[in-house]
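[1] got a predicted model here, sequence first, then my questions.
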Amino acid sequence: LNLYFLNNSSTRKISQFLYITYNIRVSHVSVASWAKKFAPLFDSISNRLSSTIDLSSSDEWHADETVVKINGKKHYLWFIIDSETRFIINFHLSPYRNSNQAFSLFKRAKEFGTPNTIVTDRYWAYKVPVKSIFNGAKHIRVESFKDDISNNIIESFHKEFKAWYKSKRGFNCFKSANNLIATFAFFFNYIRPHSSLNNLTPAQVAGAKYDDRARSNWLLSA
């Protein structure tokens, strides 16, 4: 999983690495199956720990969407991230790019509270959902390269996500895409230490209580 998520390695490269380094023969299909196998486990851990996440004093949440391909067809992947902890609050995958999808993204994110500010780009689909769901929060609609406040936090995250996504050469089906993206988000939130967060995970900075031993055990449980 570390190779799969941290180094943007393809499943074929991971298969080759295991053979060269450990003389272990395993097909790239098996490597992909291993990654998918962790999805339900990580989902249950995330559900259990989400109640310990404290974003009540958040200053800014940043939302944006990016394009992915599922079986060759364009889909839109929407993310919302806390600026201080870098915690991925929610994601939403859809073949559509409209206000209903923004509503879906924000509705579940609202379970974590309401920040002082929601930062998005100037796409019209964000305007009504932000006002309806986060009543009282300031909505800053950023125009790239022109506004003083930027959406760089989530744009930087998208670059990291897209590097990982491209190494997997797209997704085969909607269910598999959702599972793998959820696993990526869990790895990003709960397992990978971030140097910008003093080598803590976003979840730890946001208040989740677990130690390195627990984190290692998760990777051995599936």
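    Sure thing, it's come through.

[2] what separates the residue nearest the centre of the chain from N90, distance-wise?
    Among the residues of the chain, the smallest C-alpha distance to the mean C-alpha position (Cα atoms, centre = their mean) belongs to A185, namely 3.4 Å. Remark: distance between A185 and N90 (Cβ to Cβ, to the nearest Å) = 9 Å. Where C-beta positions appear, they are placed from N, C-alpha and C, glycine not excepted.

[3] check contacts around the residue nearest to D54 when sequence neighbours are not counted.
    Spatially, and ignoring its direct neighbours in sequence, D54 is nearest to G207 (4.0 Å; Cβ to Cβ, 6 or more residues apart in numbering). Contacts for G207 (Cβ atoms under 8 Å, 6 or more residues apart in numbering) come out as 52-54.

[4] let's see which of those end up in strands.
    Within the contacts of G207, no residue falls in strands by DSSP state E.

[5] out of the residues you listed, which are buried?
    Buried members of the contacts of G207, counted by 16 or more other Cβ atoms under 10 Å: I53.

[6] closest to H75 among the contacts of G207?
    Compare each of the contacts of G207 with H75 using Cβ to Cβ and the shortest gap goes to I53, at 27.1 Å.

[7] which stretches of the protein form helices?
    For the chain, the helices defined by DSSP state H occupy 2-6, 11-22, 28-49, 99-109, 127-133, 152-167, 174-186, 202-205, 212-218.

[8] surely T117 is in contact with K138?
    Yes: when contacts are counted by Cβ atoms under 8 Å, T117 is listed as touching K138 (4.6 Å).

[9] higher neighbour count, the two?
    Regarding T117 and K138, a neighbour count based on other Cβ atoms under 10 Å identifies T117 as having more, with 16 against 12.

[10] check the gap between that one and N189 for me.
    For T117, the distance to N189 under the criterion Cβ to Cβ works out to 21 Å.

[11] which of the contacts of G207 lies closest to P129?
    I53 (21.8 Å).

[12] need phi/psi at that closest one.
    Listed backbone geometry of I53 is phi -80, psi 130, with angles given as degrees, to the nearest 10.

[13] count the residues that sit near the residue lying closest to it once chain neighbours are set aside.
    Counting by Cβ to Cβ, 6+ apart, I53 lies nearest to A206, which is 4.7 Å off, once chain neighbours are set aside. The criterion is other Cβ under 10 Å. On that basis, A206 has 24 neighbouring residues.

[14] got it, and the one 4 residues further on?
    Residues near Y210, counting by other Cβ under 10 Å, number 16.

[15] now the helices of the chain as a markdown table including mean pLDDT?
    Rendered in a markdown table, the data for the helices of the chain read as follows (pLDDT from 0 to 100):
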| stretch | mean pLDDT |
| --- | --- |
| helix 2-6 | 83 |
| helix 11-22 | 93 |
| helix 28-49 | 88 |
| helix 99-109 | 96 |
| helix 127-133 | 97 |
| helix 152-167 | 89 |
| helix 174-186 | 93 |
| helix 202-205 | 95 |
| helix 212-218 | 85 |
